[in-house]
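Asker: starting from these lines, generate the structure:
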Amino acid sequence: MTTAEPFCQICQSAQHQEAYAQIAGHDLRRCAECGFVYLHPLPSAETRDALYRDPYQGATTGYFQKIDKKTRRSRGRARQLAAWAKPGGRFLDVGCSGGFMVEAMRDRGFEAHGLDLDAEGISWARQHFPLSHFHNEPVESFARSGLRFDAIYSSEVIEHVADVNSFIAAIAHLLAPNGILYLTTPDITHWRRPRDLSRWDAFSPPSHCLYFNPRNLPRLLKRHGLSLRRRRLSFKPGIKMIFVKDAPATGSARHG
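Answerer: Below is the predicted model:
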């Protein structure tokens, strides 16, 4: 069934279809025009705040049980990102958790910052990585800090965000012209995604409320002045993309 509400956050189409109805007690909708899949209704601000209030039980579960693995992965991605970014520039990890990527970029000579809603995770990061900078607030408020970054990294975060345009607009504002964004998120159209969505480890509503594909994600970011530079291969059902912030247009040539 196709209906005319609500509007797609990516393409603004009013045509959407029911998709994966009543999986784990949640309804999903798919945009009929761009294929964007999203939880309906989207979680409220109160639900979001509750989800990210100490999600790792005092920094003792999840990421914090895999410190060696997280450190190795962060060093590898820092090497990839540093090859694209301005050497020795300013770096921000949006959704930094324990700060592993932040510290990996600091080791590569960047002024490194991390941002997360989880106060316990930020406290852990400050304790273990005291030479980096950590901030406990939403990216939308941090965008008013006046800081600009040459490279931003956000891994497995955008799928948690109810207002995706507000989120990407804040990141675009924080990026310096020609700055680099490395973004990862689950890919709902990936050939290795389980056919039974409830068996997919990336399907976890209401925490994960948005599901992208490799075509509509660049379309979203282009609306905010971010152009796809490179898509990295992902054997797991995920999207790994590097974007660049478009430089401001120069003034028109003088006539005379």
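
Asker: for this structure, longest strand please?
Answerer: In terms of residue count, the longest strand belonging to the chain (DSSP state E) is strand 175-186.

Asker: and that strand, what other elements does it pack with?
Answerer: Packing partners of strand 175-186 (3 or more CB pairs under 8 Å, 6 or more residues apart in numbering; DSSP states H and E): helix 67-82, strand 149-155, helix 216-222, strand 226-232, strand 238-245. In short, each C-beta sits where N, CA and C put it, glycine included.

Asker: next SSE after the helix or strand residue 18 falls within?
Answerer: Using DSSP states H and E, the element containing residue 18 is strand 16-23. Going down the chain from strand 16-23, the next helix or strand is strand 26-31, by DSSP H and E.

Asker: show me what that next one is packed up against.
Answerer: With 3+ CB pairs under 8 Å, 6+ apart as the test, strand 26-31 has strand 16-23, strand 37-40 packed against it.

Asker: in its sheet, what does the shortest one sit against?
Answerer: Using DSSP bridges, the strands paired with strand 37-40 in its sheet are strand 26-31 (antiparallel), strand 210-211 (antiparallel).

Asker: mean confidence score for the shortest one?
Answerer: Confidence over strand 210-211, taken as the mean pLDDT, stands at 96.

Asker: what of the first one?
Answerer: Mean pLDDT, computed over strand 26-31, is 89.

Asker: buried stuff in it?
Answerer: Within strand 26-31, the residues scored as buried using 16 or more other CB atoms under 10 Å are 26, 28-31.

Asker: what ranges in the stretch 51-200 of the chain fall below the confidence cut-off?
Answerer: Filtered on pLDDT under 70, the stretch 51-200 of the chain yields the residue ranges 53-65.

Asker: and the helices in it?
Answerer: 67-82, 100-106, 119-128, 139-142, 164-174 (DSSP state H, counting those that start in this stretch).

Asker: adding mean neighbour count and distance to residue 241, write those out as a markdown table.
Answerer: As requested, those are exported to a markdown table (neighbours: other CB atoms under 10 Å; distance: least, CB to CB, whole Å):
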| stretch | mean neighbour count | distance to residue 241 |
| --- | --- | --- |
| helix 67-82 | 16 | 12 |
| helix 100-106 | 26 | 16 |
| helix 119-128 | 18 | 25 |
| helix 139-142 | 17 | 18 |
| helix 164-174 | 20 | 13 |
